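Asker: predicted model, plus sequence, below.
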Amino acid sequence: MQILWCGGENIDFNRCIYQEYNSVTYRSDYARSSIEPQTGSSVIISNPFWGGSVTSCWLVARVHWDSSLTWQRCIGFGQRNKTLGTGLWLSSGDSRDRFALRTYNGDSGSTLVQGPYTFRNYYLHHIAIQVISYGALGTINVFQNRLQVMTYTGDITAGSMSAIDCIVFTGQAGYVRASEVIVTDNDPRALSLMSHVPNGAGTSSQWTGAYTAIDDTEIDDSDCVYTDTDDYNGRFAMTDCKSGTFYVRGIKTVARACSPSGSTANVLKLGVYSNSTVDVDSGQLLGESFESVERWASTINGNPMTPALLNSMELNLRSEVYTS
């Protein structure tokens, strides 16, 4: 199984959104919060899939439904360069507690199929959506609590959208919350997403600033850690895995970063420090404004992921000076 993207906090999406801390809206032993749109916000889109566009994939998420609205968009698949809102959507139907699959072209929606009356208010639902061969002859399957509740085969084209490269999430505040969002190329219904965050100083960190500047749930770009020196490592201790036995598919590292005008260091390498060894990616060239940068790794220094290995890791940020 290949993980195409995952996320579940403010930093994983394209705009500042609320973090909901009522633990009935997420699993508190896996996530720190759920995400919720701000009042008056438009449709929210995720950071792009790491490998680019696909036409077949799965989405799994924990969704808390609290809507009195019919035809209310919830979560689905989109393409980042299209009119905001364009996509394949799981929504409510002609009743607030009924599932529906809909396409939106950016201006209006069309219902593909409606499902059972099991989208109950005030419940945390385990939702999975499978898309097979997006286009004029494709299939969408929807699963609730791991059981199939809807299927549709036919034209699933949404406006000018030609492929899938992001997750779309409702812009309607106060009705839908989501957490543990995972996109894969195969059935992910057994997967969970666990958040690990900075919680202490790391080993011989060379950056300026404490972990408390980067442990936020809600984005605060006014408070940060930094360096302007080439090949410096910023290291921070991380929270441990929850107790239990797990098979670990990999770890995503995400940070908001920029290289202000006049800076020397302009590349950020993301990774971890483990067993006295640094494992970071090749780096991403930064712009002058803050943006989210991500790295996915299925092994660390060639070693398979385990809970014990994760618990031994520190977050490692490495600076670099790039000149063309």
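Answerer: Right, received. Where do you want to start?
Asker: okay, CA-based contacts and neighbour counts for the rest of this
Answerer: OK.
Asker: where exactly do the strands run in the stretch 1-150 of the chain?
Answerer: 3-7, 18-20, 34-36, 44-45, 57-65, 73-78, 87-92, 99-104, 109-114, 123-132, 138-144, 147-154 (DSSP state E, counting those that start in this stretch).
Asker: which of those sits closest to Cys241?
Answerer: Judged by CA to CA, the one of the strands of the stretch 1-150 of the chain that comes nearest to Cys241 is strand 3-7, at 16.7 Å.
Asker: what strands line up against that closest one, and which way round?
Answerer: Strand 3-7 has the following sheet partners, assigned by DSSP bridges: strand 176-184 (antiparallel).
Asker: around Tyr152, how many other residues sit close by?
Answerer: With neighbours defined by other CA atoms under 10 Å, the count for Tyr152 comes to 16.
Asker: residue contacts, the residue nearest to Ser312 when sequence neighbours are not counted?
Answerer: Closest residue to Ser312 apart from its sequence neighbours, by CA to CA, 6 or more residues apart in numbering: Ser274 at 6.3 Å. Contact analysis of Ser274 by CA atoms under 8 Å, 6 or more residues apart in numbering lists 309, 312-314.
Asker: pick out the shakiest of the strands of the stretch 1-150 of the chain, pLDDT-wise.
Answerer: Comparing mean pLDDT over the strands of the stretch 1-150 of the chain, the weakest stretch is strand 18-20, at a mean of 76.
Asker: that one packs against which elements?
Answerer: Identification of packing neighbours for strand 18-20 by 3 or more CA pairs under 8 Å, 6 or more residues apart in numbering; DSSP states H and E yields strand 34-36.
Asker: just how off-centre is the strand it packs on within its chain?
Answerer: Centroid separation for strand 34-36 versus its chain: 11 Å, with CA atoms, centre = their mean, to the nearest Å.
Asker: what helices and strands are in contact with it?
Answerer: Looks like strand 34-36 contacts strand 18-20, strand 176-184 (3+ CA pairs under 8 Å, 6+ apart).
Asker: output those as TSV; include the columns distance to Ala265.
Answerer: What follows is the helices and strands packed on strand 34-36, written out as TSV (distance: least, CA to CA, whole Å):
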stretch	distance to Ala265
strand 18-20	32
strand 176-184	33
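Asker: quick one, which of those strands is nearest to Tyr26?
Answerer: Proximity to Tyr26 (CA to CA) singles out strand 176-184 among these, at 6.2 Å.
Asker: okay, the angle between that closest one and strand 57-65?
Answerer: On the basis of axes from the mean of the first three to the mean of the last three CA atoms, to 10 degrees, strand 176-184 is oriented at 160 degrees to strand 57-65.
Asker: packing partners for the helix or strand that strand 176-184 is followed by?
Answerer: Next along the chain after strand 176-184, taking DSSP states H and E as the criterion, comes strand 198-201. Packing partners of strand 198-201 (3+ CA pairs under 8 Å, 6+ apart): strand 233-238.
Asker: paired strands for the strand it packs on, with orientation please.
Answerer: Going by DSSP bridges, the partners of strand 233-238 are strand 198-201 (antiparallel), strand 314-320 (antiparallel).
Asker: how about residues contacting it?
Answerer: Contacts of strand 233-238 (CA under 8 Å, 6+ apart): 196-207, 211, 273, 311, 313-319.
Asker: avg pLDDT for it?
Answerer: For strand 233-238, mean pLDDT rounds to 98.
Asker: continuing past it, what's the next helix or strand?
Answerer: strand 251-257.
Asker: okay, and the helix or strand of the protein with the least pLDDT?
Answerer: strand 18-20 (a mean of 76; mean pLDDT, DSSP states H and E).
Asker: dump the helices and strands packed on strand 34-36 into TSV; add distance to Leu268 and mean neighbour count as well.
Answerer: Supplementary listing: these in TSV, determined by distance: least, CA to CA, whole Å; neighbours: other CA atoms under 10 Å:
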stretch	distance to Leu268	mean neighbour count
strand 18-20	26	21
strand 176-184	25	25
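Asker: the closest residue to Thr299 other than its chain neighbours and Ser298: what is the separation?
Answerer: Using CA to CA, 6+ apart and skipping the chain neighbours, the partner closest in space to Thr299 is Met305 (5.7 Å). To Ser298, Met305 is 7 Å away according to CA to CA, to the nearest Å.
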